[in-house]
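Novice: Let me see the structure of the following:
(one chain, ligands or ions: 1)
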Amino acid sequence: MGAALSSNSAEISHEQGYVSALYRRLDEMREQSGRRLATLLRQTGGTPQAKTERDSGVALYTDQVAQYGAVEAGLCFGRLDFDEGEAAGEVAGEPAGEAPSADGRIAGEHPRYIGRIGIFDDGDDHRSLLVDWRAPAARPFYLATAASPDGVRRRRHIRTRRRTVVALDDEVLDLEAARESVHEGLTGEAALLSALSASRTGRMRDIVETIQAEQDHIIRAPLDGVLVVQGGPGTGKTAVALHRAAYLLYTHRRELSTRAVLIVGPNETFLRYISQVLPSLAETGVLLGTLGDLFPGVIARRAEPAEVAEIKGRPVMADVLAAAVRDRQRLPDEPLPITLETAAQGETLYLQPATVRAARERARRSDRPHNLARAIFDTEIVHALAAQLAETIGTDPYADDPLGGDDAPGEEILFDEADLAEIRRELRKEPEVLGTLDWLWPILTPQQLVAGLFASDKRLDAVAGLLTDSERAALRRDPAGGFAPADVPLLDEAAELLGEDEASKAALAERLRQARVAYAEGALEIARGSVSIDAEDEVENEILSATDIIGASELAERHEDGDRLTAAQRAAADRTWAFGHVIVDEAQELSPMAWRLLMRRCPSRSMTVVGDVAQTGDLAGTSSWDGIFAPYVADRWRLAELKVNYRTPAEIMAVAAEVLARIDPALEPPRSVRQTGVEPWTRVLDAAQLPKVVIDEAAEVGDGRLGVIVPAGRLAELGLSIAEAVPEVVLGAEPDLEKRVAVLTVRQAKGLEFDAVVVVDPDAIVAESPRGQNDLYVALTRATQRLGILT
Ligand SMILES: Nc1ncnc2c1ncn2[C@@H]1O[C@H](COP(=O)(O)OP(=O)(O)OP(=O)(O)O)[C@@H](O)[C@H]1O
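Specialist: Purely as a prediction, here's the structure:
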C-alpha cells in the first residue's frame with residue numbers, strides 16, 4: 001500500500017470547498033435544533049400528551065445541540081474513492097457523498113466522505129454528504145487493504161485545523177505499491193504515525209481517524225455475550241473500549257438508549273483523562289464510573305491498605321455478610337418483659353425465647369431478604385403477644401377466690417377473632433412492642449450492616465468460622481471516615497441480602513429528583529451554548545430569552561414523571577438498574593466481589609472486558625481470565641487479543657520486556673509500531689539532583705507532558721522536593737493531568753500516558769507489593785517518547 005502526502009494545493013482547495021460546505025450545514029443544523037429547543041422551553045401548559053411530546057422534544061434537541069458542538073473539531077477526516085462502478089459497503093439510505101462544485105453544491109463523481117457524524121443534504125433526496133464513522137458504509141475506511149481493497153481505489157485522510165484543511169494523506173490500494181511498504185498491515189500509516197507522535201495534552205483523544213483493522217473488529221463485534229480483550233500496554237484497549245461504546249450506541253440505539261451503557265474505570269484521574277473522548281464521539285447514553293461510584297448515595301473514597309481491600313474482595317465475603325445479617329436477628333437468653341401503655345395499661349407481657357426462635361425460623365424460611373422478612377417476624381411475635389394478653393386479661397385471677405372482688409365468682413372472657421385482631425392492632429402501636437421488635441429484627445440499611453460489622457469486635461466474632469483472627473482484626477475499623485472502594489461490592493451484596501424496602505424506594509425517588517434538577521440545568525446550559533459564533537442577533541436573543549424565563553427547578557418539575565431523564569441518569573441513581581451493556585477497563589484489577597456486583601448490573605451478560613493480566617497491581621485482582629467468568633457464563637466468553645503497541649516506542653519496550661519476562665517468561669510483549677531513535681537512560685538517584693533532572697526532561701518534550709513515577713512510600717518526600725523547584729507540577733490523589741509535570745504512584749499512573757516518564761527507585765516500587773514486578777512493568781510503559789530511570 002503506498003502512502004503519499006498530497007500537498008497538491010488544487011486538491012486541498014477542492015477538499016476545502018467540500019469541508020466548508022459540511023461546516024455550513026452543521027451550523028444550520030445546530031441553529032435549527034437550538035431554535036426548536038428554545039421554542040419548546042418557552043411553552044407551558046397543554047394536554048398531557050402535548051407535555052409528553054414537548055419533553056421528548058427537549059431531550060432530543062438538547063442531545064442534538066450537544067452532539068453538533070462536540071464534532072466541531074475534525075468533522076470530516078476521510079474520503080474513499082472507489083473503482084469505477086463499485087462502492088463497497090454502500091447501504092440503503094447512506095449513499096456516497098459527492099464532490100462539490102465550486103459553489104459548494106454536490107455534483108459529479110462519487111467519493112464517500114467519512115466523519116464524526118452523518119450529515120445529509122437538506123434537499124428532497126436527502127443524499128448523504130458525510131458518512132458517520134460507525135456506519136457500515138464507513139467500514140472500508142478502516143479495513144480495506146491492498147490485498148483486499150473491497151472496491152476501494154484510494155483512501156484519503158483529510159487533516160484539518162479548526163475548519164481549514166491543512167494536509168491530505170493518500171493511500172492508493174494497489175498490490176504493487178503494498179509490497180514496497182515498510183509497515184504492511186497498518187491503515188493510514190502517515191496519519192497514524194502523526195497521531196502517535198503528537199504531544200500529549202493530559203486528555204485522551206479519540207482515534208476515529210486512524211482505527212486499525214484489529215481494533216475495528218473488536219469495536220464492531222456483536223453486542224451479545226462476554227467479550228474479553230486482552231492486550232499489553234499501549235495496544236489501545238481503552239481507546240477500543242470507548243469507541244465500542246460509541247459504536248454500540250449508534251448501532252443498537254433503541255435497545256441501549258433505554259438501558260444505557262456502563263463504563264467502569266480504575267480511578268477518578270483515569271475517568272477525567274478519558275471523559276472528553278466520549279462527548280467528542282457525541283454519546284450521552286453512557287455512565288462512566290469507578291467501582292467506588294457504583295453504590296448510589298455513597299461516595300467511597302476512604303483509603304485503606306491493599307491487604308484489607310484484598311480480604312474484602314474474596315468470595316467468602318458473601319457468606320460473611322449473610323452471617324452478619326443472621327447475627328442481627330437476635331434471640332434473647334431470657335424472657336423479655338414488655339410493659340404496655342395503652343392496650344392494657346401497666347400490664348406486663350413476657351416474650352419467651354422459644355417464641356422468638358419460632359418467629360425467626362418462620363421469617364428466615366420465607367426466603368425473603370431480611371428487611372422484607374421483618375413483616376413475617378412481626379406477625380408471628382404480635383400473634384403470640386396478643387394470645388398472651390388475651391389470656392391474661394381474659395382470665396379473672398380471683399375467679400376461684402371466695403374473697404374475690406365484685407365480679408367473683410367470675411367467668412372467663414372469651415375473645416373472638418375480631419377481638420384478637422383488634423388486640424393485635426393495638427399491640428402494634430405499643431412503644432415497647434415496637435422497640436422490642438426493632439431490637440430483635442432491626443430494619444437495616446446496607447451502610448449500617450457493613451459499617452456496623454467492621455466497627456464491632458463482637459459482631460466480627462460472629463463470623464469467626466469464616467475469617468481468621470488476623471483477617472477479622474484487619475477488617476476492624478472506626479466507622480468515621482466513610483467507605484472505601486472495596487466496600488462498595490459489600491454494600492451491594494448487603495443491599496441484596498436486606499432487600500429493597502419503602503425506605504430504599506424513597507431514597508431512590510429523592511436521587512431521581514436531584515438528577516432531574518441537574519438534567520434541567522444541563523438543558524438550559526446547552527440552550528445558551530447553542531448560539532453559534534456567527535448566529536444572527538435575533539436567534540441569540542430568542543434562545544437567551546427562553547433560558548431566562550425558566551429556571552432549572554421549574555424545568556425539572558415539568559419532568560416529574562422522571563421519563564425525560566436519560567437512561568444513564570436514571571441508572572446512576574438506581575442500584576438495581578440493569579444496563580444494556582457493561583464495559584470494564586483495567587478489568588484485571590477487579591476482585592471476585594466486584595465481579596459479583598457487575599454481573600448483577602448486567603443480567604444479560606452483554607459485556608466488553610478489557611485488561612492485561614500482566615499489569616495486575618491490586619492484590620485482589622486476577623492473573624487469568626478463566627476463573628472470573630466460569631461461575632457466570634461457564635466457557636461461553638470470547639477472547640480477542642491486541643498485539644500492537646501504539647504508545648511505547650520499541651526502544652522503551654525493550655527495557656519493559658525484561659521486566660515482563662520476570663513476571664512470566666511465557667508472556668509476549670506487544671510489538672511497538674514505531675521507533676524514536678531515543679534510547680532510555682539510567683542514572684543513579686541523587687535526591688538533591690532530582691528537581692534538575694525533572695526540569696531537563698520536561699524541557700526535552702516542549703509542550704508535552706512529563707510523568708514522574710515514584711514509590712508510594714516516597715510520594716510525599718520526593719513530590720515535595722520536586723514541587724519546591726519546579727513550577728507547574730501536580731501531585732496528590734487526583735492530579736490535574738493538564739499540568740505539564742505530574743508526580744504519581746504507579747496506581748495513579750495506571751492507564752495514563754506521558755510524552756516522557758522518569759521512573760524513580762524501581763527497586764522500591766518492586767518491593768512495595770507482592771505484585772511489584774507488574775507495577776514496574778506498568779510504570780515503564782507509560783511513555784510515548786522518552787524514558788529515564790533513576791535507580
Ligand atoms: N488506532 C489508533 N490510532 C491512533 N492512536 C491510537 C490508536 N490505537 C491506540 N492509540 C493510542 O495509543 C495510546 C495507547 O492507547 P490506550 O491507552 O487505549 O492503550 P491501553 O491498551 O489501554 O494501554 P494500558 O494497558 O497501558 O493502559 C493512546 O494514546 C491511544 O490514543
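Novice: quick one: Val356 and the ligand, what's the gap?
Specialist: 55 Å (Cβ to the nearest ligand atom, to the nearest Å). Placement of C-beta: from N, CA and C, glycine included.
Novice: So Pro735 lies in a helix, does it not?
Specialist: No: with DSSP: H, G, I helix; E, B strand; the rest coil as the criterion, Pro735 is coil rather than part of a helix.
Novice: pLDDT score assigned to it?
Specialist: For Pro735, the pLDDT comes out at 75.
Novice: Tell me which residues touch it, please.
Specialist: Thr269, Ala742, Val743, Leu744, Gln748 (Cβ atoms under 8 Å, 6 or more residues apart in numbering).
Novice: Among the residues you listed, which are located in strands?
Specialist: Ala742, Val743, Leu744 (DSSP state E).
Novice: which residues does the second one contact?
Specialist: I take that to be Val743. Val708, Val710, Leu715, Leu718, Gly719, Ile722, Ala723, Val729, Val730, Leu731, Pro735.
Novice: The first one should be in a strand, yeah?
Specialist: Yes: when three-state DSSP is applied, Val708 is found to be in a strand.
Novice: For it, grab the count of nearby residues.
Specialist: 28 (other Cβ atoms under 10 Å).
Novice: for it, what are its contacts?
Specialist: Contacts of Val708 by Cβ under 8 Å, 6+ apart are Val694, Leu718, Ile722, Val741, Ala742, Val743, Leu744, Val757, Val758, Val760.
Novice: Quick check: of the residues you listed, which lies closest to the ligand?
Specialist: For the contacts of Val708, the closest approach to the ligand (Cβ to the nearest ligand atom) belongs to Val757, at 11.9 Å.
Novice: Quick check on the closest one: phi, psi?
Specialist: phi -130, psi 140 (degrees, to the nearest 10).
Novice: try the one 4 residues further on
Specialist: Here is the backbone geometry of Asp761 (degrees, to the nearest 10): phi 60, psi 60.
Novice: To what extent is it buried, counted in neighbours?
Specialist: 20.
Novice: returning to what we had before: min pLDDT across the contacts of Pro735, which one?
Specialist: Thr269 (83).
Novice: unless I'm mixing things up, that residue is touching Arg747, no?
Specialist: No: judged on Cβ atoms under 8 Å, Thr269 makes no contact with Arg747 at a distance of 9.8 Å.
Novice: re the thing from before, and the furthest pair within the contacts of Pro735?
Specialist: Thr269 and Val743 (12.6 Å; Cβ to Cβ).
Novice: just to revisit the earlier point, would you mind checking which of the contacts of Val743 is nearest to the ligand?
Specialist: Pro735 (16.7 Å).
Novice: Taking the stretch 351-500 of the chain, what residue is nearest to the ligand?
Specialist: Closest point on the stretch 351-500 of the chain to the ligand, by Cβ to the nearest ligand atom, is Pro485, at 18.7 Å.
Novice: That residue contacts Leu294, doesn't it?
Specialist: No: using Cβ under 8 Å, Pro485 is not in contact with Leu294; the gap is 9.2 Å.
Novice: Tell me, how many residues neighbour Leu737?
Specialist: 24.
Novice: any idea how far it is from Thr269?
Specialist: 7 Å (Cβ to Cβ, to the nearest Å).
Novice: intersection of neighbour lists for the two?
Specialist: With Cβ under 8 Å, 6+ apart as the test, Leu737 and Thr269 both reach Leu752.
Novice: who has more neighbours, Thr269 and Arg747?
Specialist: Thr269 (23 against 17).
Novice: Pull the contacting residues for the spatially closest residue to that one that is not a sequence neighbour.
Specialist: Leaving aside its chain neighbours, Thr269 sits nearest to Glu734 (5.4 Å; criterion: Cβ to Cβ, 6 or more residues apart in numbering). The neighbourhood of Glu734, defined by Cβ under 8 Å, 6+ apart, consists of Glu268, Thr269, Arg272.
Novice: Mind doing that once more with 10 Å?
Specialist: Asn267, Glu268, Thr269, Leu271, Arg272, Arg301, Gln748 (Cβ atoms under 10 Å, 6 or more residues apart in numbering).
Novice: any idea how far Phe120 is from the residue nearest to Gly719 when sequence neighbours are not counted?
Specialist: Leaving aside its chain neighbours, Gly719 sits nearest to Leu731 (3.9 Å; criterion: Cβ to Cβ, 6+ apart). Taking Cβ to Cβ as the measure, Leu731 falls 49 Å from Phe120.
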